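1. this is a predicted model, with the sequence first.
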Amino acid sequence: MKKSIVLLATLIGGAVMANNESINQVETNKTVAIVIHGGAGTIKRENLSDQQEKDIKAVLQQALDAGHQALSEGKEATAGVIAAITILENSPFFNAGHGAVFTKHGKHELDASIMRGSDLNAGAVAGVSYTKNPILAAEQVMLNSPHVMLSGSGADTFSKLRDLEQVENTYFDTKFRRDAWKEVDRKTKAKKAETASADDILAAEFKFGTVGAVALDQNGHIAAGTSTGGMTYKAWGRVGDSPIIGAGTYADDRSCGISATGHGEFFIRYTVASDICARVRYQNKSIEKAADEVIMQELKGVGGDGGVIGLDPKGNIIMTFNTAGMYRGYKKGNENVVQIFGDEK
Ligand code: ASP
């Protein structure tokens, strides 16, 4: 008897809580939207062949289509984010999943995070080595653990227990990333330095390649996610902004959703993703103005290279970067855009 009362109270409480937990009572909005990035950096035309440009744009399009399809079927914003990011993680072109950069010790340690704007629930993993799709592990942390972030071998063990596909660390290898790693290694050893300088790390790559997606679903809810291999030659255990909620990823239905890419140490210190959303929420700025202030003024002023993608509950989309280029695109209604270079408008 007692038990059933408790159960009933829990059920009622749960129902009430579920209502309260939705922090934004938005009207059902049939217009869905998704915006993605595949990293920002010194991406110049002279560094990419026509074929490479075509191939990379094709994968970006595939990711947009998959995310948009999920949203059009009425799935939640998180499903749109996951659909897009898993495609980018599985592509060798991007610094996430297969194609991730090498650490100083010639291995891969991957970071990812996801956040839901309807209730501010979030999940992240840092430094996973064997989970094929880190964004799925981040989602599992959000859905099936009481925590927000798991790291290292614990995060891999958790993802295995959640039945996510495990791979050898070498699965993430690509020749392009190995060459970049060798280049920094050579320079560092030539200087007999303990660790490479930030300049060496940045020079070794003509792009970063982190991936991210932000989606708006039919119910007007926002979600954002980011996945990365981090930075070439990073020290053991180094964690960048991508798995840090508020730095590399943020989503709040009351303001906006953001996924960032760039020199993570700056993005952490400037809490880039949540700062943009805070400007929208508390200063009533448009998402465009807020992103411009943070990326083109705050970060640019201190040498924080990179960019963000994002959208607000009305479906206003931004793709803002202070670098030469950013792999990027969005799909909303009849609009479909895929771009790489800074001069593509
Ligand atoms: N933000 C990532 C990091 O610092 C790198 C990137 O976006 O390319 O780990």
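-> Now that the structure is in, tell me what you want to look at.
2. in the stretch 51-200 of the chain, where is pLDDT below threshold?
-> Within the stretch 51-200 of the chain, the segments meeting pLDDT under 70 span 192-200.
3. return the residues of it in contact with the ligand.
-> residue 95 (CB under 6 Å from any ligand atom). In this view, the C-beta of every residue, glycine as well, is placed from N, C-alpha and C.
4. how about the helices of the stretch 51-200 of the chain, start to end?
-> Assigned by DSSP state H, counting those that start in this stretch, the stretch 51-200 of the chain shows helices spanning 77-90, 134-144, 152-161, 175-190, 198-203.
5. for stretch 65-72, buried residues please.
-> 65-71 (16 or more other CB atoms under 10 Å).
6. how about stretch 43-53?
-> Across stretch 43-53, burial judged by 16+ other CB under 10 Å covers 43, 48.
7. contact partners of that stretch?
-> 56, 206-207, 323-327, 340-341 (CB atoms under 8 Å, 6 or more residues apart in numbering).
8. could you state which residue of this structure sits nearest its centroid?
-> residue 226 (1.3 Å; CA atoms, centre = their mean).
9. returning to what we had before: okay, the helices of the stretch 51-200 of the chain in CSV with mean neighbour count next?
-> Shown next, in CSV, are the helices of the stretch 51-200 of the chain (neighbours: other CB atoms under 10 Å):
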stretch, mean neighbour count
helix 77-90, 27
helix 134-144, 25
helix 152-161, 17
helix 175-190, 16
helix 198-203, 16
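10. these two touch, right, residue 266 and residue 301?
-> No - Residue 266 lies out of contact with residue 301 (CB atoms under 8 Å); the separation is 10.5 Å.
11. distance of the residue lying closest to residue 155 once chain neighbours are set aside from the ligand?
-> Spatial nearest neighbour of residue 155, chain neighbours left out: residue 125 (4.2 Å); criterion: CB to CB, 6 or more residues apart in numbering. Between residue 125 and the ligand the computed distance is 13 Å (CB to the nearest ligand atom, to the nearest Å).
12. what residues does the stretch 201-345 of the chain put near the ligand?
-> 208-210, 228, 230-231, 240-242, 261-262, 264, 267.
13. sorry, back to before: assign a three-state SS to the residue nearest to the centre of the chain, would you?
-> Look at residue 226: counting by DSSP: H, G, I helix; E, B strand; the rest coil, its state is strand.
14. isn't it right next to residue 259, touching?
-> Yes - the criterion here is CB under 8 Å, and residue 226 meets it with residue 259 at 4.6 Å.
15. returning to that earlier point: if we take the buried residues of stretch 65-72, which one ends up nearest to residue 81?
-> The closest of the buried residues of stretch 65-72 to residue 81 turns out to be residue 67 (CB to CB; 6.8 Å).
16. residue 100 contacts residue 108, correct?
-> Yes - contact criterion CB under 8 Å: residue 100 and residue 108 qualify, at 4.6 Å.
17. if we ignore the residues flanking it in sequence, what's nearest the closest residue to the ligand within the stretch 51-200 of the chain?
-> Nearest to the ligand, among the residues of the stretch 51-200 of the chain, is residue 95, at 5.7 Å (CB to the nearest ligand atom). Spatially, and ignoring its direct neighbours in sequence, residue 95 is nearest to residue 209 (3.0 Å; CB to CB, 6+ apart).
18. could you do residue 315 as well?
-> Per CB to CB, 6+ apart, closest to residue 315 is residue 33, 4.7 Å.
19. contacts for stretch 77-84?
-> Residues from elsewhere that reach stretch 77-84, judged by CB under 8 Å, 6+ apart: 32, 34, 36, 63-64, 66-71, 114, 116-118, 135-136, 139, 142, 213-217, 221-225, 251, 257.
20. switch to 6 Å and redo it
-> Applying CB atoms under 6 Å, 6 or more residues apart in numbering, the contact partners of stretch 77-84 are 34, 36, 63, 66-67, 70-71, 116, 213, 215, 217, 221-223, 225.
21. in the helix or strand containing residue 265, what counts as buried?
-> Secondary structure from DSSP states H and E places residue 265 in helix 264-269. Buried residues in helix 264-269, defined by neighbour count with 16+ other CB under 10 Å: 264, 266-268.
22. pLDDT on that helix, on average?
-> Throughout helix 264-269, pLDDT has a mean value of 96.
23. next secondary structure after it?
-> Per DSSP H and E, helix 264-269 leads on to helix 272-283 as the next helix or strand towards the C-terminus.
24. got a list of contacts for that following helix?
-> By CB under 6 Å, 6+ apart, the surrounding residues in contact with helix 272-283 are 246, 249-250, 252, 254-256, 258, 260, 285, 287, 290-291, 294.
25. recalculate using a threshold of 8 Å.
-> Helix 272-283 has contacts (CB under 8 Å, 6+ apart) with 224, 241, 245-252, 254-260, 266-267, 285-287, 289-291, 293-295, 298-299, 304, 308, 310, 312.
26. can you say which of these are buried?
-> Using 16+ other CB under 10 Å as the burial test, the contacts of helix 272-283 include 224, 241, 245-252, 255-260, 266-267, 285, 287, 290-291, 293-295, 299, 304, 308, 310, 312 as buried.
27. separation between residue 326 and residue 101?
-> Computed as CB to CB, to the nearest Å, the residue 326 to residue 101 distance reads 17 Å.
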